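Colleague: after the sequence you'll find the predicted model.
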Amino acid sequence: MGIAVILFYFLFPAYLLFYSTRFSIINKIGVVVICYAGGLVIGNMHIIPESISDLQTTIMGVTILLGIPLVLFSENVIKWAKMARNTFISLLLGVASVVVLVFVGYFIFKDKIPEIWQISGMMIGVYTGGTPNLAAIAKSLGVAEELYIMTHTAELVIGAIILLFLITGAKPFFGMFLKPYPKDKQAAEQPEIDVADFESYDGFFKRKNFLGILKAFGIAVVIFLSGYGLSQLFKGDAKDTVAVLTVTTLGLGASLLPGVNRIKSSFQLGMYFIYVFCVIVASKADIIALFSVENIDLLINLLIYIALVIVGSLILHAILSWIFRINVDDYIITSTALSNSPPFVPVVAAALRNKAVVVPGMIIGVIGYAIGNYLGVAIAYLLK
């Protein structure tokens, strides 16, 4: 049975990603949501033997340390430097806003939410880079499976509401006091970026991409071994933190090499490993205990805290954007890239009827992947 469970961990996300190219309903629900659901179901069927508990933990660590550099290979630091001035300022204002609100929320809820320093670090990560950073920071901080699931579930619910607002009512509302997008601003001012690199698995399963994917995997393994080896020089919780930050740094370093940066589908392969992690961590959570009467107060406080951080960050970011004269479209696309990650940027850009903001939004999103782990871990330990 143990072998069957391990196979499920790796095959379930693979099947989801394969069929996501054929059935749009999978992407509409969200691969990560289905992975969590699948993991919770198999975990609460009580068919997973206790004997593979250590193996589960090992696989979780390996998948995260492989996934992070693969996600970062498509980064391009040179493109960051070419960002328009207003776009870069908007990015800084967005990151500053979430840091401020995390601190505010921490001091409000520090006596109501256990291990809130860990949740604060995860909120920094998920707001700047989404699921990859959330999972990486959870691993580096040694977050319990139940707390991780509760935090991400609450964030997904609130994040979905915020995304709906960004698509529908954000521009009319914030447009009342933020200046309009300049009509003469051209997309040609921005460096090129392939949106499909972040949202589609269409080419992932094609034979022509196999060698490139294998090459990316091989480099990721070398980075993983380097991070793991360096972490062995430390003791206790510091091991995981050192490993995560090491593979993040080496992944960014590898992305500066054109031969690595141009590999197709490395991002998708990295996300596959992140999804495997999500299935495993969900399978280790006790859903009855998770949503028991004893945890109701914790869940309510967690929802309020996360809502305060996300909604408060949007409001503070809007106020700062008004002060620094950032236009409404740049503000909305920055907020989308930070709070919902790159794949949602084209969706919101379409709602804004402004394709010129797609490229800067995507670049902001990938910068979020890069800085999220460092900033999340730093803030968590500072609050601790």
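Modeller: Cool, got the structure. Values in this document were obtained by computation on a predicted structure and should not be read as measured data. Residues are numbered from 1 along each chain as shown.
Colleague: what residues are up against Leu338?
Modeller: 91, 94-95, 98, 127-128, 364-365, 368 (CB atoms under 8 Å, 6 or more residues apart in numbering). In short, each C-beta sits where N, CA and C put it, glycine included.
Colleague: at 10 Å what do you get?
Modeller: Residues near Leu338 by CB atoms under 10 Å, 6 or more residues apart in numbering: 90-91, 94-95, 97-98, 126-130, 313-314, 317, 361, 364-365, 367-368, 372.
Colleague: helix/strand/coil for it?
Modeller: helix (DSSP: H, G, I helix; E, B strand; the rest coil).
Colleague: please name the nearest non-neighbouring residue to it.
Modeller: Using CB to CB, 6 or more residues apart in numbering and skipping residues adjacent in sequence, the residue nearest Leu338 is Gly94, 4.9 Å away.
Colleague: closest to the centroid, which residue in the chain?
Modeller: The centre of the chain sits closest to Gly130, judged by CA atoms, centre = their mean, with a distance of 1.9 Å.
Colleague: ok, that one touching Tyr369?
Modeller: Yes: Gly130 is within contact range of Tyr369, at 7.7 Å (criterion: CB atoms under 10 Å).
Colleague: buried stuff in the host helix or strand of Ala96?
Modeller: Ala96 belongs to helix 85-109 when elements are defined using DSSP states H and E. Judged by neighbour count using 16 or more other CB atoms under 10 Å, the buried positions of helix 85-109 are 86-91, 93-95, 97-102, 105-106, 109.
Colleague: check stretch 261-274 too.
Modeller: Within stretch 261-274, the residues scored as buried using 16+ other CB under 10 Å are 261, 263-274.
Colleague: confidence score at Asp237?
Modeller: Confidence at Asp237, expressed as pLDDT, is 68.
Colleague: Leu92 now?
Modeller: Taking Leu92 on its own, its pLDDT is 90.
Colleague: that one contacts Val98, correct?
Modeller: No: between Leu92 and Val98 there is no contact under CB under 10 Å: 11.4 Å.
Colleague: so where does Ala135 fall, helix or strand?
Modeller: Assigned by DSSP H and E, Ala135 belongs to helix 131-141.
Colleague: between the longest helix along the chain and helix 85-109, how many degrees?
Modeller: In the chain, assigned by DSSP state H, the helix with the most residues is helix 296-323. Here helix 296-323 runs at an angle of 150 degrees relative to helix 85-109 (axes from the mean of the first three to the mean of the last three CA atoms, to 10 degrees).
Colleague: what's the mean pLDDT across helix 296-323?
Modeller: 91.
Colleague: and that helix, which residues are buried?
Modeller: Counting neighbours by 16+ other CB under 10 Å, one finds that the buried residues in helix 296-323 are 298, 301-310, 312-314, 316-318, 320-321.
Colleague: how many neighbours does the closest residue to Tyr181 other than its chain neighbours have?
Modeller: Residue nearest to Tyr181 in three dimensions, not counting chain neighbours: Asp329, with 3.9 Å by CB to CB, 6+ apart. Asp329 has 26 neighbours, counted by other CB atoms under 10 Å.
Colleague: same thing with Asn27?
Modeller: Residues lying near Asn27 (other CB under 10 Å) number 16.
Colleague: how distant is the stretch of helix or strand it belongs to from the center of its chain?
Modeller: Here Asn27, judged by DSSP H and E, is contained in helix 24-29. Distance of helix 24-29 from its chain centroid, counting by CA atoms, centre = their mean, to the nearest Å, is 18 Å.
Colleague: equivalent analysis for stretch 96-115, please.
Modeller: With CA atoms, centre = their mean as the basis, stretch 96-115 stands 20 Å off its chain's centre.
Colleague: state the mean pLDDT of that stretch.
Modeller: Mean predicted lDDT for stretch 96-115 stands at 92.
Colleague: swap in stretch 250-266?
Modeller: Throughout stretch 250-266, pLDDT has a mean value of 86.
Colleague: quick one on the thing from earlier: for the helix holding Asn27, buried residues please.
Modeller: By neighbour count with 16+ other CB under 10 Å, helix 24-29 contains the buried residues 26-27.
Colleague: next SSE downstream of it?
Modeller: Using DSSP H and E, the helix or strand that follows helix 24-29 in sequence is helix 31-43.
Colleague: helices or strands up against the next helix or strand after that next one?
Modeller: Using DSSP H and E, the helix or strand that follows helix 31-43 in sequence is helix 53-72. The helices and strands touching helix 53-72, judged by 3 or more CB pairs under 10 Å, 6 or more residues apart in numbering; DSSP states H and E, are helix 2-20, helix 131-141, helix 145-168, helix 210-231, helix 238-255, helix 258-261, helix 266-283, helix 358-383.
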